[in-house]
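Engineer: Coordinates for the following, if possible.
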Amino acid sequence: MLRRLLALPVGIAIAPLAATRRVAVALDDLAALAEHARTEPATLAAIEHRVDRALLQLEALNEQLRAVHGDLVVVDAAARALAAVGSTLHDGGAELLAATRDLHDGGADLLAATRDLHGDARDLSDGGRELVVVSRRLDQALGVLRAALPRMLAGLDTVESLEDAVETVAETVEPLQGAAERVGRVTSRLGRRNG
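Structural biologist: Numbering: from 1, shown residues only. Just a heads-up that it's a prediction; the model follows:
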């Protein structure tokens with residue numbers, strides 16, 4: 001089928017030349033017949049033979065033109081189908097171009113986001129190093145606190161016993177407080193009289 005389609009344009013291109021040649025031959029034969037008929041009326045049989053030959057050539061030409069017409073119909077249908085495929089390819093190419101542009105823009109956005117994340121990751125890494133340093137210092141401070149904790153707990157026991165002693169003294173002093181105030185006032189009056 002493809003060979004036939006490829007051969008069609010050559011046959012189509014040659015067909016007008018072949019038709020023109022056949023018409024020229026037929027006209028030449030007709031002219032020769034007319035000349036011969038004028039000069040030799042007796043050779044009517046030869047003229048009939050040439051006319052029959054010209055008619056056969058015209059019939060062959062007519063058949064060739066019908067075949068060329070059929071080939072042109074096939075070529076026209078193939079050209080229309082090819083145009084439809086070309087249009088579809090064009091539309092698909094436009095869609096592919098748009099998708100490629102979107103992909104390119106998305107890639108640029110992804111690259112920018114990756115760069116931001118890289119900076120954040122670097123900050124996080126630096127912060128992690130600082131956190132390790134602080135963690136080591138805290139560990140050292142906790143070691144000191146662990147060592148001092150038994151002494152602090154022993155000191156709390158002392159504070160509790162002192163608190164109990166202070167409460168006992170407060171309970172003892174509280175009833176004496178009113179008497180001490182009165183003694184203080186008496187002393188202050190005596191000091192004013194003497195003075």
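Engineer: helix or strand for the residue nearest the centre of the chain, which one?
Structural biologist: Centroid check for the chain by CA atoms, centre = their mean gives residue 103 as the closest residue, at 2.9 Å. Per DSSP states H and E, residue 103 falls inside helix 44-194.
Engineer: Pull the distance from that helix to the chain's centre.
Structural biologist: Distance, stretch centre to chain centre, for helix 44-194: 18 Å (CA atoms, centre = their mean, to the nearest Å).
Engineer: can you count the residues close to residue 73?
Structural biologist: Using other CB atoms under 10 Å, residue 73 has 10 neighbouring residues. Quick note: C-beta positions are derived from backbone N, CA and C, even for glycine.
Engineer: The one 10 residues further on now?
Structural biologist: By other CB under 10 Å, 10 other residues sit near residue 83.
Engineer: what's the spacing between it and residue 116?
Structural biologist: 50 Å (CB to CB, to the nearest Å).
Engineer: Same check on residue 108?
Structural biologist: Where residue 116 is concerned, residue 108 sits at a distance of 13 Å (CB to CB).
Engineer: Same check on residue 81?
Structural biologist: Counting by CB to CB, the gap from residue 81 to residue 116 is 52 Å.
Engineer: what's the answer for residue 32, then?
Structural biologist: 96 Å.
Engineer: Repeat that for residue 180.
Structural biologist: 77 Å.
Engineer: Which pLDDT does the model give the residue nearest to the centre of the chain?
Structural biologist: Per-residue confidence (pLDDT) for residue 103: 86.
Engineer: Please apply the same query to the one 5 residues further on.
Structural biologist: Reading off the per-residue confidence, residue 108 sits at a pLDDT of 86.
Engineer: Repeat that for residue 11.
Structural biologist: 60.
Engineer: same check, this time on residue 52
Structural biologist: On the pLDDT scale, residue 52 is placed at 83.
Engineer: for residue 32, same thing?
Structural biologist: pLDDT, read off for residue 32, is 79.
Engineer: check contacts around it.
Structural biologist: Neighbour list for residue 32: residue 50 [criterion: CB atoms under 8 Å, 6 or more residues apart in numbering].
Engineer: give me the element it is part of.
Structural biologist: helix 2-39.
Engineer: Pull the number of nearby residues for residue 68.
Structural biologist: 19.
Engineer: ignore the last one, residue 171
Structural biologist: Residue 171: 9 surrounding residues under other CB under 10 Å.
Engineer: I'd like the distance between it and residue 91.
Structural biologist: From residue 171 to residue 91 the distance is 104 Å (CB to CB).
Engineer: Residue 136 now?
Structural biologist: Using CB to CB, we find residue 136 at a distance of 67 Å from residue 91.
Engineer: What of residue 20?
Structural biologist: Distance from residue 20 to residue 91, by CB to CB: 43 Å.
Engineer: Sweet, I'm off.
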